[in-house]
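Chemist: give me the fold of what follows.
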Amino acid sequence: MSFIAELKRRNVIRMAGLYLVGAWLLVQVASTVLPMFGAPEWLPRSVVILLAIGFIPALIFAWVFELTPEGLKRDAEVTPEESIAPQTARRMERMIVAVLLLALAYLGFDKFVLAPRREAALVATATASAATKSASAAALAANNKSIAVLPFTDLSPTHDQEYFSDGMAEEILNALAQVKDMKVAGRTSSFYYKGRNEDLRAIAKALGVAHVLEGSVRKQGNQVRITAQLINAADGTHLWSHAYDGDLKDVFALQENIARAITDQLQVVLEGEQKTRLVPVSTSNPEAYSLYLQATAIFDRRDSPRFPDAIVDLEQAIKLDPKYARAHSRLAALYVVLSSYNDVDTTQAHEKVLEHARAALALDPTLAEPHAAMGLSWRELANGHLQEREEFDEALRLDPDDVTSNFWYGLSLIESGYRERGIALFDHALAIDPMMPNVLRWRGIMYRNAGDLDHAEQFLKRARSNGLAIADRELAFVAFDRGDTATAIRQWPDGSRNLLRRLPPGDPEILSAGMFGDAAAKTRAMAVLDAYLAKPHAQVSGQIPVVMVLLGQPRRALELLRTTRIGDSSDIYALMWSPAGKSMRALPEFPMLLKEKGFTESWDKYGPPDDCQRLAPGNYVCK
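Modeler: Sure, this is the predicted structure:
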């Protein structure tokens, strides 16, 4: 018998065909299925190698052994009468046909179903990759047109012109921030590094910019010298440096020259009026401008004991230049924050805000600050929510990236129950100016309300490190949430003392022990509040109803809101929509408060807030 005939008799050739067809089908399926399950790239290759290695042993096995009714036996031991090789051959042939049919079915499925999907996925991946590369390139290009304007150094002979040197830097920063496609680090973040001897590259990295502008101002009498230098943060090289001399009446021209030199260096395309003017000439009176800068320095630092001085400065500036729109605007902003730090009649303050904001807009309708000031002022008055929303919407229309407008509007929305949109505005403000202390504090509060203590602590500590002592109050709540009652009791008075300045010494500590302590401590704390409320007050600190809620007295807190003028009500209304305010929302008197304070009227126009459902006009149920 020939060798070929012997291979056929022993079904070796059929075994080879069956093995090859089966192995091919197995490899095709593995190459498709394994990647779907995230298998490593080496696994399909290993399947091919193992099948290749097994081919020869399979043929040897078919040559040596034969299948009999009694099982596998060596071929040499099987007599012709016992052999069932022909039957085995027919079974193997049927198996080959079956596997071939499976292979054909798989080929069709792969060609008409799987292949189009793979091609679509490949196109999508390529498109996404291209988009990512394009976005990265665009981000790099945008980053190359980014800058932080650091506060200028006061080199005046008597070193008493810091407000002026800060003002110069801030004016240039504000002008550059209006340039399209140019990223400018926010004022608070840039001025955070004032007096800190830190490497410019580290500052640029922290602020996410490619360039840093630093400079100095020397003011003596009416003479001014401004020296500025633009630095590439990547390698510390000076791209441009120049000294500008003039007198006070030339100050806007000096700022214009510096701002234009920067845009030229960064190759920024200017549009519209910016082609001819970057820094607006806000007044032609140098003394009025100097007074404006003095008042602005007090406003920016929230130096509340000196607020009256700032108001006097701005009023004098307006007398010197009745058409000084920005002086009116800043005066409106001062009056609106006055009640947060000083005991003033909010109604009278509101009238002053409206007076100066409207005067500013009559002179310059492009200003966003007057609208933001009116929005915040309307918030303090009952039934002022509709006007409040309209003013804030207009402020953001005029300047979508104004951090103060974003913050004030976000706070207003949160106080009205629109938590998610308020948080979005906070996040936008922090994207522009990531070191604004009060925005950091409020973002931390919202994280705590959501149960995210890690992020809450992170944001609150950043606010505290930026000089906002009130953040200690919220850090006390975080400590309490983590089970550290002793730290909470100790820390809360440190953050609340300035807000409770009308209470006798030692009372904040009693209130703190009551909020975080046992029933006896709560009783002592309520006695402190009762003693405070027994005396006449033009307005009650906004912290009093907050403490009442946290002492388990939500009904008394709600009644206080309904019957008493509350100074700086931000905290109590924000708490009202937080998890801690659920006890207030459950009271039967709560719907009446909503109507009396104008919430439902605003909701009827703008839609219900996050946790409320409208039953009928003016009728809402809040969970």
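
Chemist: next secondary structure after the lowest-mean-pLDDT helix or strand in the chain?
Modeler: Here the helix or strand of the chain ranked lowest by mean pLDDT, DSSP states H and E is helix 115-144, holding a mean of 45. Helices and strands here follow DSSP states H and E; after helix 115-144, the next one along the chain is strand 146-149.

Chemist: just to be sure, Ala243 is in a strand?
Modeler: Yes - assessed by DSSP: H, G, I helix; E, B strand; the rest coil, Ala243 belongs to a strand.

Chemist: please tell me I have it right and it contacts Thr227.
Modeler: Yes - at 4.5 Å, Ala243 counts as touching Thr227 under the criterion of C-beta atoms under 8 Å. In this view, the C-beta of every residue, glycine as well, is placed from N, C-alpha and C.

Chemist: between these two, who's got more neighbours?
Modeler: Thr227 (18 against 12; other C-beta atoms under 10 Å).

Chemist: extract the C-alpha trace of the helix or strand where Ala360 lies and format it as PDB.
Modeler: Ala360 belongs to helix 346-363 when assigned by DSSP H and E. The C-alpha coordinates for helix 346-363 follow below in PDB (Å, rounded to 0.1, in the frame of the first residue of the first chain):
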ATOM      1  CA  THR A 346     -30.900  98.200  53.700                       C
ATOM      2  CA  THR A 347     -33.800 100.300  52.200                       C
ATOM      3  CA  GLN A 348     -31.700 103.400  52.200                       C
ATOM      4  CA  ALA A 349     -28.700 101.500  50.900                       C
ATOM      5  CA  HIS A 350     -30.900 100.100  48.100                       C
ATOM      6  CA  GLU A 351     -32.000 103.600  47.100                       C
ATOM      7  CA  LYS A 352     -28.400 104.700  46.900                       C
ATOM      8  CA  VAL A 353     -27.500 101.600  44.800                       C
ATOM      9  CA  LEU A 354     -30.300 102.400  42.300                       C
ATOM     10  CA  GLU A 355     -29.400 106.100  42.200                       C
ATOM     11  CA  HIS A 356     -25.700 105.600  41.300                       C
ATOM     12  CA  ALA A 357     -26.200 102.500  39.200                       C
ATOM     13  CA  ARG A 358     -28.700 104.300  37.000                       C
ATOM     14  CA  ALA A 359     -26.500 107.300  36.800                       C
ATOM     15  CA  ALA A 360     -23.600 105.200  35.700                       C
ATOM     16  CA  LEU A 361     -25.700 103.500  33.000                       C
ATOM     17  CA  ALA A 362     -27.000 106.800  31.700                       C
ATOM     18  CA  LEU A 363     -23.400 107.800  31.200                       C
END
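
Chemist: packing partners of the helix or strand just after it?
Modeler: As assigned by DSSP H and E, the chain's next helix or strand after helix 346-363 is helix 369-379. Other elements packing on helix 369-379 under the criterion 3 or more C-beta pairs under 8 Å, 6 or more residues apart in numbering; DSSP states H and E are helix 325-341, helix 346-363, helix 385-398, helix 403-415.

Chemist: mind checking how far Met548 is from Met526?
Modeler: Distance of Met548 to Met526, computed by C-beta to C-beta, to the nearest Å: 8 Å.

Chemist: what about those two, which has more around it?
Modeler: Taking neighbours as other C-beta under 10 Å, Met548 and Met526 compare with Met548 leading, 25 against 19.

Chemist: just the C-alphas of the strand or helix carrying the more buried one, formatted as CSV.
Modeler: Here Met548 sits within helix 543-550, counting by DSSP H and E. Output in CSV follows, covering the C-alpha atoms of helix 543-550 (Å, rounded to 0.1, in the frame of the first residue of the first chain):
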residue,chain,number,x,y,z
GLN,A,543,-26.5,84.4,61.4
ILE,A,544,-29.2,84.4,64.1
PRO,A,545,-31.8,82.4,62.0
VAL,A,546,-29.0,80.1,60.8
VAL,A,547,-28.1,79.3,64.4
MET,A,548,-31.8,78.8,65.3
VAL,A,549,-32.2,76.2,62.5
LEU,A,550,-29.1,74.3,63.6
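
Chemist: mind checking what helix or strand follows that helix in sequence?
Modeler: The helix or strand immediately downstream of helix 543-550 is helix 554-563, counting by DSSP H and E.

Chemist: list the helices and strands the next helix or strand along the chain from that next one packs on?
Modeler: Sequence-wise, the next helix or strand downstream of helix 554-563 (DSSP H and E) is strand 566-567. For strand 566-567, the packing partners by 3+ C-beta pairs under 8 Å, 6+ apart come out as strand 540-541.

Chemist: quick one: contacts of the strand it packs on?
Modeler: 499-500, 502, 533, 560, 564-568 (C-beta atoms under 8 Å, 6 or more residues apart in numbering).

Chemist: if you set the cut-off to 10 Å instead, what comes out?
Modeler: Applying C-beta atoms under 10 Å, 6 or more residues apart in numbering, the contact partners of strand 540-541 are 343, 496, 499-503, 529, 532-533, 547, 560-561, 563-569, 571.

Chemist: about what we covered before: any shared contact partners between Ala243 and Thr227?
Modeler: Counting by C-beta under 10 Å, 6+ apart, the residues touching both Ala243 and Thr227 are 215-216, 218.

Chemist: return the distance of the host helix or strand of Ala463 from the chain's centre.
Modeler: Taking DSSP H and E as the criterion, Ala463 maps to helix 453-465. With C-alpha atoms, centre = their mean, to the nearest Å as the basis, helix 453-465 stands 14 Å off its chain's centre.

Chemist: how many neighbours does Gly195 have?
Modeler: For Gly195, using other C-beta under 10 Å, the count is 8.

Chemist: sorry, back to before: out of the helices and strands packed on helix 369-379, which gets nearest to Leu176?
Modeler: helix 403-415 (14.7 Å; C-beta to C-beta).

Chemist: pull out the buried residues from that closest one.
Modeler: Residues of helix 403-415 classed as buried: 403-415 (neighbour count, 16 or more other C-beta atoms under 10 Å).

Chemist: dump these to CSV, plus pLDDT and distance to Ile262.
Modeler: Shown next, in CSV, are the buried residues of helix 403-415 (pLDDT from 0 to 100; distance: C-beta to C-beta, whole Å):
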residue, pLDDT, distance to Ile262
Val403, 91, 21
Thr404, 90, 24
Ser405, 93, 25
Asn406, 95, 25
Phe407, 94, 27
Trp408, 93, 29
Tyr409, 95, 30
Gly410, 96, 31
Leu411, 93, 33
Ser412, 92, 35
Leu413, 95, 35
Ile414, 95, 37
Glu415, 92, 39
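
Chemist: just read off the phi/psi values of the residue positioned nearest the centre of the chain.
Modeler: Residue closest to the average C-alpha location in the chain (C-alpha atoms, centre = their mean): Asp427, at 2.6 Å. Here is the backbone geometry of Asp427 (degrees, to the nearest 10): phi -60, psi -40.
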